[in-house]
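S.K.: here's a sequence, model it:
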Amino acid sequence: MRVAKWIALLGALAQGGILIYGFTQGDFAAAGSFFFRDPWGIVSLVDVYVGFIFFCAWVVYREKDWWVALLWSAAIMILGNFPAGIYAYLALQQSENNWQKFWMGHHYIEKGK
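M.R.: Got it, this is the predicted structure:
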């Protein structure tokens, strides 16, 4: 589980850094214009957002409070894998090194209880 925590944390940091780079050095409007004109740009956007939806479905499943799931999902849809990496890292931290608890969140029931 330690490796998963490092991957989630480093991935989130890398994504956060690249977002800062993109917003400070790039032209968001020009990039968006390209993505919507080019067929592979559209394919890439659909691919990314389908992945976000899958990740958000997991967040909705594992969170007890709907508003928490909604906030995380909105952050993921807007900022991408940066908040997804933070969410995964926090879920790993809260799971107490238990993979079932990590995947199932509030649905996890300890054996014997």
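
S.K.: lowest confidence element among the helices and strands of the protein?
M.R.: helix 28-37 (a mean of 85; mean pLDDT, DSSP states H and E).

S.K.: which neighbouring elements make contact with that helix?
M.R.: helix 39-62 (3 or more CB pairs under 8 Å, 6 or more residues apart in numbering; DSSP states H and E). Using the backbone N, CA and C atoms, a C-beta is placed for each residue, glycine as well.

S.K.: helices and strands around the following helix or strand past the helix it packs on, which ones?
M.R.: Following helix 39-62 in sequence order, the next helix or strand is helix 66-79 (DSSP states H and E). In terms of contacts (3+ CB pairs under 8 Å, 6+ apart), helix 66-79 is packed against helix 39-62, helix 81-94.

S.K.: nearest to H106, of those helices?
M.R.: The closest of the helices and strands packed on helix 66-79 to H106 is helix 39-62. By CB to CB, the value is 6.6 Å.

S.K.: from the chain's centre, how far out does that closest one sit?
M.R.: Once both centres are worked out by CA atoms, centre = their mean, to the nearest Å, helix 39-62 turns out to sit 10 Å from its chain's centre.

S.K.: lovely, talk soon.
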